[in-house]
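Colleague: Got a predicted structure here, sequence first:
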Amino acid sequence: MSAGVLRGTISRLHRWPVKSLRGEAVPAARFDERGMAGDRAHVLVDQRERRAGSVLTVRQNPALLHWSSGYGAEVVDPVPAPTLHAPDGTAWDWADPRLPAALTGSLGIPLSLRSEPGNQDRGPTVLVTVQSTLDALAADLGAPVDLLRFRPNVHLELDVPPFAELGWGPGTTITSGEVDWEVVGPNSGACVRCAVPSWDAGGRTRWKELQRRLIDHWDNRFGTIVRVSRSGTVHRGAAAVVRPAGS
């Protein structure tokens, strides 16, 4: 391989069927023009008078993280209806007409459900994170940092310095098996974070120092935004190759 090309492994794959709810770790996933198939393909819609029609997120109500969602199977096309699990463990089918009332009672917000294949925040994109960066942040804070705070789709084991991925500019590609991703967006693809990572993955406690550290040292960036340029299926544990722009 040419100089600058990096080799690594897909160590984790995560899918988030319902935006702002907890998601599921998966052994394999389809990537195509939608991003990760089934990722954030369902949303909860605020029906309060002043916010009617707005998508509910953790920023408005961290209790969304008390609920989880999953498909329990490979997602291709069409995207199936997910199963939700309430804080008490009760399983709810997305199509159950009682689900909106159950969510309203749990969250204290009148809401409705909506399904649209591909509801990602930045269009049909995929969020990639790197283990060396996660390790460095944990060392800096002096405590373990749960990757799920950052809600990635693809997590890489890669021999690079911490936060090196923030410098991957447009034209950088990542290949795993039959799938290619390409870095897109402003900030060389780096993901500028909101307050969500400061909440633990279950939405119970907030760790404000984590976000302060990202703001002070890394311009509040963690992870890299990519778009699928060649479709296919990726498996956990598969080899990954990163070709920085110009390599």
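Modeller: On my side now, so go ahead. What you are looking at is a predicted structure, and each value in this text was computed from that prediction instead of being measured.
Colleague: Who are the packing partners of the helix or strand bottoming out on mean pLDDT in the chain?
Modeller: Lowest on mean pLDDT, DSSP states H and E among the helices and strands of the chain sits strand 190-192, with a mean of 90. Contact partners of strand 190-192 among helices and strands, from 3 or more Cβ pairs under 8 Å, 6 or more residues apart in numbering; DSSP states H and E: strand 221-230. C-betas here are computed from N, CA, C, even on glycine.
Colleague: how about residue 31, what does it touch?
Modeller: 37, 126, 179, 181, 228, 231, 232, 233, 234 (Cβ atoms under 8 Å, 6 or more residues apart in numbering).
Colleague: end to end, how far does stretch 34-48 reach?
Modeller: End-to-end distance of stretch 34-48 (Cα to Cα, to the nearest Å): 30 Å.
Colleague: Which of the residues in that stretch are classified as buried?
Modeller: For stretch 34-48, the neighbour count (16 or more other Cβ atoms under 10 Å) marks 34-47 as buried.
Colleague: how about those residues in TSV, adding pLDDT, distance to residue 20 and secondary structure?
Modeller: What follows is the buried residues of stretch 34-48, written out as TSV (pLDDT from 0 to 100; distance: Cβ to Cβ, whole Å; DSSP: H, G, I helix; E, B strand; the rest coil):
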residue	pLDDT	distance to residue 20	secondary structure
34	90	18	coil
35	93	16	strand
36	94	16	strand
37	93	19	coil
38	93	15	coil
39	94	12	coil
40	93	9	coil
41	93	13	coil
42	94	11	strand
43	94	8	strand
44	96	7	strand
45	95	12	strand
46	95	11	strand
47	95	16	coil
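Colleague: Closest to residue 106 out of those residues?
Modeller: Closest approach to residue 106 among the buried residues of stretch 34-48 (Cβ to Cβ): residue 44, at 11.0 Å.
Colleague: Name the nearest residue to that closest one, ignoring sequence neighbours.
Modeller: Leaving out its chain neighbours, the residue that sits closest to residue 44 by Cβ to Cβ, 6 or more residues apart in numbering is residue 56, at 4.4 Å.
Colleague: Quick check: that neighbour vs residue 212, distance?
Modeller: 26 Å (Cβ to Cβ, to the nearest Å).
Colleague: neighbour-wise, which of these two wins?
Modeller: residue 56 (23 against 13; other Cβ atoms under 10 Å).
Colleague: Quick check, the more buried one in contact with residue 18.
Modeller: No - assessed by Cβ atoms under 8 Å, residue 56 is found out of contact with residue 18, at 9.9 Å.
Colleague: Give me the common contacts of those two.
Modeller: 43, 44.
Colleague: picking up where we left off before, out of the buried residues of stretch 34-48, who's nearest residue 166?
Modeller: Once Cβ to Cβ is applied, the member of these that ends up nearest residue 166 is residue 35, at 20.5 Å.
Colleague: ok, for that closest one, nearest residue in space, not its chain neighbours?
Modeller: residue 124 (4.2 Å).
Colleague: For the one you found, give me its contacts.
Modeller: Counting by Cβ under 8 Å, 6+ apart, residue 124 has contacts 33, 34, 35, 118, 227, 228.
Colleague: coming back round to it: pick the one among the contacts of residue 31 closest to residue 70.
Modeller: residue 37 (13.9 Å).
Colleague: so what's that closest one closest to, chain neighbours aside?
Modeller: residue 30 (4.0 Å).
Colleague: Let me know the pLDDT of residue 246.
Modeller: On pLDDT, residue 246 comes in at 71.
Colleague: from memory it sits against residue 4, does it?
Modeller: Yes - Residue 246 is in contact with residue 4 according to Cβ under 8 Å; the separation is 7.4 Å.
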